[in-house]
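>>> Here is a sequence together with a model predicted from it:
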Amino acid sequence: MNAELVEFARQALSRGTPRSEIRDVLLRAGWTSTDSDKALALFADVEFAIPVPRPKPQLEAKEAFTYGVQFLALYDSAFSLGALLFNFIERALPDGLNTWEQTRLGDEIRWNVASLIIAFPLFLFAYWHNNRAIARDPTKRKSKPRRGLTYLTLFVATICLVGDLVELVYSALGGELTERFVLKVLVVAVIAGGTFGFFLWDMRKDEEET
């Protein structure tokens with residue numbers, strides 16, 4: 001955040017200038033609406049003799065750890081679920097040319113089920129724990145590890161969706177579409193799309209409440 005912009009906002013607020021007028025002046029001076037809003041958001045909208053700064057979220061090792069656990073468990077759960085559904089598709093629609101495929105499916109299914117049993121409850125617990133911390137202290141919504149990992153998840157989900165669509169179109173153009181392939185594409189699309197939609201909604205909720 002630009003120090004001069006913050007100081008301008010502080011002095012303007014200290015003179016009783018309405019926030020809408022300050023924002024309008026900044027926009028006419030060439031500042032972006034995002035920078036203007038962020039500068040004004042640093043000060044609480046309360047009546048007092050001088051501008052009151054808002055508390056800043058503090059980055060704590062515990063916070064970084066809990067968000068790391070939450071998103072790591074999410075990635076593990078999504079991968080295991082996708083792999084498990086792939087296993088079911090391969091069992092239901094076996095590849096006649098791959099004779100050893102069915103022999104390995106039993107071990108892979110057990111592994112993916114075991115991974116889901118551990119990772120998904122861990123994700124739910126970490127998500128609940130972090131949301132409870134936000135409910136007690138709303139400034140934690142701006143936590144750097146939370147926002148950074150959320151945007152990383154959106155980025156990864158976007159890559160998966162785009163890659164999924166490219167592979168589908170490529171196979172269609174080559175006349176290589178099979179029922180098994182289409183089902184696997186749908187699995188990736190549903191998991192990646194669901195993850196993307198959930199965290200996009202979560203970020204929009206943050207913007208509405210801050």
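Arrived safely.
>>> residues in contact with Tyr127?
Gln70 (C-beta atoms under 8 Å, 6 or more residues apart in numbering). Bear in mind the C-beta positions are built from the backbone N, C-alpha and C, glycine included.
>>> Can you point out the buried residues in the helix or strand containing it?
Element membership for Tyr127 (DSSP states H and E) is helix 101-136. By 16 or more other C-beta atoms under 10 Å, the buried positions in helix 101-136 come out as 105, 109, 112, 115-116, 119-120, 122-123, 126-127, 130, 134.
>>> Identify, from those, the entry nearest to Ala157.
In terms of C-beta to C-beta, no member of the buried residues of helix 101-136 lies closer to Ala157 than Phe123, at 15.1 Å.
>>> Tell me the predicted confidence for that closest one.
Turning to Phe123, the model gives it a pLDDT of 95.
>>> correct me, but it touches Tyr67?
No: the pair Phe123 / Tyr67 is not scored as a contact, 11.5 Å apart, by C-beta atoms under 8 Å.
>>> Alpha carbons only: can I get whichever strand or helix holds Phe8 in CSV?
Phe8 is part of helix 3-14, with elements assigned from DSSP H and E. The C-alpha trace of helix 3-14 is given here as CSV (Å, rounded to 0.1, in the frame of the first residue of the first chain):
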residue,chain,number,x,y,z
ALA,A,3,2.3,5.4,2.1
GLU,A,4,1.4,8.8,0.6
LEU,A,5,-2.1,7.5,-0.3
VAL,A,6,-2.7,6.1,3.2
GLU,A,7,-1.5,9.4,4.7
PHE,A,8,-3.8,11.4,2.4
ALA,A,9,-6.8,9.2,3.4
ARG,A,10,-5.9,9.7,7.1
GLN,A,11,-5.7,13.5,6.9
ALA,A,12,-8.8,13.7,4.8
LEU,A,13,-10.8,11.6,7.3
SER,A,14,-9.4,13.6,10.2
